[in-house]
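Undergrad: A predicted structure for the sequence below; I have some questions about it.
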Amino acid sequence: MPLSNKLRRVALLMEPDVQRTLERQAQRVAGHDAARFDDRTGTVVFTRHGGVLWQPRAERIADWVPDLGMFYWWWHGAKFAEFPRSKLDVIYREGQNYALSELTTDSVGAESLEDAELLTHLALQLLRADGLYRSRAVDRVSWFALFGGGASEAPRMVSDGSSLRDTNITSASQRPAWLTTDPHETGVGIGPSFVPAAVGAPKTAWSVAPPPRNPSGERAALLGVRTMPPLDLSPEPMLDAIPKAPRAPTPPPPQVNLPIREPAREIFMPVAQTALADIATTVPQFAQALVVVRVEAVQPGKHRFFVQLVALDGGGDLISLDPSRALLDAATKMISDDARDGNGRWHKLAARLRPTARGASVDVEVA
């Protein structure tokens, strides 16, 4: 589903403020020759000739998967226990305040990089962050909000033994401990409780539990304060201050009428292994399990997918499990790698897992 006109209007009103933020960031890191994410400290380091120009704290906002045309917010497929309250909760709360469903669902259809950047810029302004960092991997683009707007310190040298390295974040958020509360939140009620993502039906999926129902059956609004700053519509020069990273290689156009087959073993096995790990956590003595991946065409060249995970316990009862973020990531990579391997576009993959003395047997069928 394309982005709503209402969201586009709100984003357009906020874009001048976003550009001012990006311009300040460009001035702060002017002349930098490298930018690296340090997953150990949860910071992004901008350097010039080995000297540190700026090292702000970093929070992953979202991932965009071009092959699927899907934009995944940072809380996609996660439990609340994995994500304590943070600055980024503002995005969800303002989505409720302004009735913008794109900000309150864990995944959004974004057919182009421009749509993904529109969502990211809107999030950046709602967070009142000090900058933006973009990281590219083979199959996705990730954005990070940067916090640390103090005056620039004198450049310091990075030692040869530094652990800084280029890192493409595809796992769950690596939020450091100092980003667990929002200093702007006062008198805020308890936010939404996170539960496993309900990915399994072709409809909007909640990774955040919806608010409780009133006696009338309607959803009660979550308590919160409006944190959106006043809109400043004064004319300002519009500068793209984030250095443009080279575009990721464009995948080959999908071939027509390719025969479908089972994905290669090395392509599918990460999905099976991750599913077994999820099952072992909840149903350690399972008799058998079923993993179903459904792929739907959104428009030519763009698809979305859903994952279902069901296990049969020792007592003969079926148990439906919520797929973990790791399983959803493994399925994303499997679908992309399978297409690059020359396989036709199957619409349903079913994998039956049965425990054996050496682990588990896997039978895969596609249709």
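TA: The structure has been received and is ready for your questions. Residues are numbered from 1 along each chain as shown.

Undergrad: pLDDT averaged over stretch 113-131 - what is it?
TA: In this model, stretch 113-131 has an average pLDDT of 95.

Undergrad: so where is the stretch 201-350 of the chain shaky, pLDDT-wise?
TA: Applying pLDDT under 70 to the stretch 201-350 of the chain flags residues 201-256, 299-301.

Undergrad: And for the stretch 51-200 of the chain?
TA: For the stretch 51-200 of the chain (pLDDT under 70), the answer is 78-85, 149-200.

Undergrad: What are the boundaries of the strands in it?
TA: Along the stretch 51-200 of the chain, counting by DSSP state E, counting those that start in this stretch, strands occupy 51-54, 57-65, 70-73, 107-109, 131-136, 141-147, 156-157.

Undergrad: Do a quick rundown of the strands in the stretch 201-350 of the chain.
TA: Under DSSP E, counting those that start in this stretch, the stretch 201-350 of the chain gives strands at 288-299, 302-312, 318-321, 348-356.

Undergrad: And the longest one, what's buried?
TA: When burial is assessed from 16 or more other CB atoms under 10 Å, strand 288-299 yields the following buried residues: 289, 291, 293, 294, 295. Bear in mind the C-beta positions are built from the backbone N, C-alpha and C, glycine included.

Undergrad: From what I see, the fourth one and residue 348 are in contact.
TA: Think residue 294. Yes: Residue 294 is within contact range of residue 348, at 5.4 Å (criterion: CB atoms under 8 Å).

Undergrad: burial measure for the closest residue to residue 148 other than its chain neighbours, as a count.
TA: In this structure, residue 148 finds its nearest non-sequential neighbour in residue 56, 3.4 Å apart by CB to CB, 6 or more residues apart in numbering. If you count neighbours by other CB atoms under 10 Å, residue 56 ends up with 23.

Undergrad: tally of neighbours for the nearest residue to residue 314 once chain neighbours are set aside?
TA: Ranked by CB to CB, 6+ apart and with sequence neighbours excluded, the top spatial neighbour of residue 314 is residue 285, at 4.6 Å. When neighbours are defined as other CB under 10 Å, residue 285 has 10 of them.

Undergrad: Over to residue 327?
TA: For residue 327, using other CB under 10 Å, the count is 25.

Undergrad: Can you name the residues that contact it?
TA: The neighbours of residue 327, taking CB atoms under 8 Å, 6 or more residues apart in numbering as the test, are 77, 271, 274, 275, 278, 307, 309.

Undergrad: From those residues, list the buried ones, please.
TA: The buried subset of these (16+ other CB under 10 Å) comprises 77, 271, 274, 275, 278, 307, 309.

Undergrad: so what's the second one up against?
TA: If a contact means CB under 8 Å, 6+ apart, then residue 271 has 291, 293, 327, 330, 331, 334, 351 as its contacts.

Undergrad: give me that answer again for 7 Å
TA: Counting by CB atoms under 7 Å, 6 or more residues apart in numbering, residue 271 makes contact with 291, 330, 331, 334.

Undergrad: Next one: the residue nearest to residue 347 when sequence neighbours are not counted from residue 126, what distance?
TA: Leaving aside its sequence neighbours, residue 347 sits nearest to residue 295 (CB to CB, 6+ apart; 5.6 Å). The spacing between residue 295 and residue 126, counted by CB to CB, to the nearest Å, is 32 Å.

Undergrad: cool, residue 118 as well?
TA: 13 Å.

Undergrad: pretty sure the residue nearest to residue 148 is touching residue 44, no?
TA: Yes: using CB atoms under 7 Å, residue 56 is in contact with residue 44, at 6.0 Å.

Undergrad: shared neighbours, the two?
TA: Joint contacts of residue 56 and residue 44 (CB under 7 Å, 6+ apart) are residue 146.

Undergrad: circling back to that earlier point, check the buried ones among the contacts of residue 327 against residue 356 and report the nearest one.
TA: residue 275 (15.3 Å; CB to CB).

Undergrad: returning to that earlier point: give the contact list for the residue nearest to residue 347.
TA: Contacts of residue 295 (CB under 7 Å, 6+ apart): 303, 305, 335, 345, 346, 347.

Undergrad: Which of those residues are buried, as a PyMOL select command?
TA: To isolate the buried ones among the contacts of residue 295 in PyMOL, judged by 16+ other CB under 10 Å, type:
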select buried, resi 303+305+335+345+346
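
Undergrad: Run through the bridge partners of the closest residue to residue 61 other than its chain neighbours.
TA: Among residues not flanking residue 61 along the chain, residue 143 sits closest, at 4.6 Å (CB to CB, 6+ apart). For residue 143, the beta-bridge partners are residue 62, residue 134 (DSSP bridges).

Undergrad: Help me confirm that residue 143 comes into contact with residue 119.
TA: No: judged on CB under 7 Å, residue 143 makes no contact with residue 119 at a distance of 9.0 Å.

Undergrad: Name the residues contacting each of those two.
TA: residue 62.

Undergrad: picking that back up, looking at the contacts of residue 327, which is nearest residue 70?
TA: Nearest to residue 70 among the contacts of residue 327: residue 77, at 12.0 Å, using CB to CB.

Undergrad: Let me know the closest of the contacts of residue 271 to residue 16.
TA: Once CB to CB is applied, the member of those that ends up nearest residue 16 is residue 331, at 39.2 Å.
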